[in-house]
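Trainee: Sequence first, predicted coordinates after that:
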Amino acid sequence: MAETSSNLCLEHLLSPTSISNLVKSWLQEDIPSLDYGGIVVGEKDETAVLLCKSPGVLAGVPFFNAVFKAVDCEVHWQTTEGAFLEPIFQAAIVKGKARNILMGERTALNCIARASGVATLARNLRNLVDKSNWKGRVAGTRKTTPGFRMVEKYALLVGGADTHRYDLSSMIMLKDNHIWSAGSISQAVKNARKAGGFSIKIEVECRSLEEAREAATAGAEIVMLDNFTPQAAASAAKQLKTEFPHLLLEASGGITEETLPLFCIPDIDVISTSRLTQGYPVVDFSLKIRKEGHDPRNPLVLS
């Protein structure tokens, strides 16, 4: 069965041109020259069933659709993006020429399995903090898979997490290497403000309360409490909010599902973790061409 979840139409965030270019690069990687399997099946019209075989949140629908559009196939969904699927669930029907379906099959499955994995983990973490009645945001990081960032960031949103900054052009984040190279936190913030102007926020990664105070005094809008214990984060956050009421505070550094609830502190606004886009488990999907007289959920059993 599928448990649905209400979402904004997140697909409207995506540029059709960007998706198309991304899909073309995926297909070029998978079919660099000749499609030997395609000649085996030819252009017979076929219908294939997308099966979800492990529990998870469905994500990546726009990318799945774009892959099959690129190979001249149609996709008809029987559920909605953001729904929680229990196996074995028939999620969609794909129609097209046999060789075209098989041309797009693995690329589309790889994408949706990984996107759904990110969304499922994001939903799990979001549910954890909701139980704590914490009002802040759980966010991913820029530790994404090269070439797959758009999908992973999109999947975070489907799962109910925050994307954090998308790339180096989205927000100025000053980390230890920036600060060491610039000479100090104050100088790094000053340089960043000259470049980013008034319209781009500045975040500074801080390892102590003293560094956080320096960053806030220099004009940073966001301070990351990096690798603080929950107790140290709570103490520092309380003092910083008293001194700088409009400062946004982020906790980060080695935070896991087990320790996440410990950081659900009233004075912390954001908890970020690379776990959301590194090492996430995938959701198992398969695509089976219908064979008359057989149940597509189990090709060995007559329907």
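Mentor: Happy to help now that I have it.

Trainee: Wasn't residue 128 part of a helix?
Mentor: Yes: under DSSP: H, G, I helix; E, B strand; the rest coil, residue 128 sits within a helix.

Trainee: Low-confidence regions, the stretch 1-150 of the chain specifically.
Mentor: Screening the stretch 1-150 of the chain residue by residue with the criterion pLDDT under 70, one finds the ranges 1-7.

Trainee: Walk me through the domains of this protein.
Mentor: Per automatic domain parsing, the structural domains of the chain span 2-125+281-302, 133-276.

Trainee: Is it possible to get JSON lines of those domains that adds mean neighbour count?
Mentor: From N, CA and C alone the C-beta is placed, and that goes for glycine too. What follows is the domains of the chain, written out as JSON lines (neighbours: other CB atoms under 10 Å):
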{"stretch": "domain 2-125+281-302", "mean neighbour count": "18"}
{"stretch": "domain 133-276", "mean neighbour count": "18"}
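
Trainee: contacting residues for the residue lying closest to residue 218 once chain neighbours are set aside?
Mentor: Nearest non-adjacent residue to residue 218, counting by CB to CB, 6 or more residues apart in numbering: residue 189, 3.8 Å away. When contacts are counted by CB atoms under 8 Å, 6 or more residues apart in numbering, residue 189 touches 174, 202, 204, 215, 218-220.

Trainee: Now the helix or strand harbouring residue 189: average pLDDT?
Mentor: Using DSSP states H and E, residue 189 falls within helix 185-196. Mean pLDDT, computed over helix 185-196, is 96.

Trainee: Next: stretch 221-234.
Mentor: 97.

Trainee: Let me see the confidence value for residue 296.
Mentor: Reading off the model, residue 296 has pLDDT 56.

Trainee: all strands in the stretch 51-200 of the chain, in order from the N-terminus.
Mentor: Assignment of strands within the stretch 51-200 of the chain using DSSP state E, counting those that start in this stretch yields the ranges 56-57, 74-77, 84-85, 89-97, 137-139, 172-174.

Trainee: in this structure, which spans are helices?
Mentor: In the chain, the segments counted as helices under DSSP state H are 16-30, 36-41, 61-70, 98-131, 149-159, 176-182, 185-196, 209-218, 230-243.

Trainee: and the ones you listed as a markdown table, adding distance to residue 167?
Mentor: Listed next are the helices of the chain as a markdown table, based on distance: least, CB to CB, whole Å:
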| stretch | distance to residue 167 |
| --- | --- |
| helix 16-30 | 13 |
| helix 36-41 | 36 |
| helix 61-70 | 18 |
| helix 98-131 | 17 |
| helix 149-159 | 7 |
| helix 176-182 | 16 |
| helix 185-196 | 14 |
| helix 209-218 | 22 |
| helix 230-243 | 27 |
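
Trainee: and residue 76, which of the ones you listed is closest to it?
Mentor: With CB to CB as the measure, helix 61-70 is the member of these nearest residue 76 (10.2 Å).

Trainee: Just give me how far the closest one sits from the chain centre.
Mentor: Helix 61-70 has its C-alpha centroid displaced from the chain centroid by 17 Å (CA atoms, centre = their mean, to the nearest Å).
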